[in-house]
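**Student:** sequence plus the predicted model coming up.
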Amino acid sequence: MPDRHIEFTTDKRFVRRRTEVKTIEAMVHMYCGHHHGPQAPCTECAELLAYAQRRLERCVFGDAKPACAKCVVHCYNAAMRERVRVVMRWAGPRMLARHPVLAVRHLLAERRPIPRMPVKRKRASEPPKPPKPPKPLD
């Protein structure tokens, strides 16, 4: 049987999202360790972290995504958005001391320009819409 080796290369398209996942993990671990005990993360915080990771994986902007606070699409439901806001508000100032590189990257990401919404792809079975009639000039 021949040796099958797969060359590992970092996909440049997903570097930013991976950094954001690391940042939210660090913030949740810091918050949970302080508020819920040293066995971080607790079930509530683990649920929040899993939810945040799913949202990052499914982001419509892909790796060009802006900071969630500046995003035009609010993909978090209201309860989870509030929980993440509480965690980030507590952990954000402490990130510079505990995880300075992640903190600086997060601050730089907030300055990135906000991309436009991606164009939706039309389904093959969907007929094209007729053009709208021009508005009358009154």
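**Tutor:** Happy to help now that I have it.

**Student:** distance of the residue positioned nearest the centre of the chain from residue 68?
**Tutor:** In the chain, the centroid-proximal residue (Cα atoms, centre = their mean) is residue 56; its distance is 3.5 Å. Computed as Cβ to Cβ, to the nearest Å, the residue 56 to residue 68 distance reads 9 Å. Heads up, the C-betas are built off the backbone N, CA and C, glycines and all.

**Student:** just checking, the residue nearest to the centre of the chain touches residue 22?
**Tutor:** No. Residue 56 lies out of contact with residue 22 (Cβ atoms under 8 Å); the separation is 10.6 Å.

**Student:** once you drop chain neighbours, what's closest to residue 57?
**Tutor:** residue 17 (7.5 Å; Cβ to Cβ, 6 or more residues apart in numbering).

**Student:** tell me the contacts of the one you found?
**Tutor:** For residue 17, the contact set (Cβ atoms under 8 Å, 6 or more residues apart in numbering) comprises 56-57, 59, 62-63, 65.

**Student:** so which strand or helix has it?
**Tutor:** helix 15-35 (DSSP states H and E).

**Student:** and the average pLDDT for that helix is what?
**Tutor:** Averaged across helix 15-35, pLDDT comes to 87.

**Student:** which is the next helix or strand following that helix?
**Tutor:** Where DSSP H and E defines the elements, the next helix or strand beyond helix 15-35 is helix 43-57.

**Student:** that following helix packs against which elements?
**Tutor:** Here helix 43-57 touches helix 15-35, helix 78-98, going by 3 or more Cβ pairs under 8 Å, 6 or more residues apart in numbering; DSSP states H and E.

**Student:** adding distance to residue 45, write the ones you listed out as TSV.
**Tutor:** Listed next are the helices and strands packed on helix 43-57 as TSV, based on distance: least, Cβ to Cβ, whole Å:
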stretch	distance to residue 45
helix 15-35	4
helix 78-98	8
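
**Student:** if anything else comes up later, I'll come back, but that's it for now.
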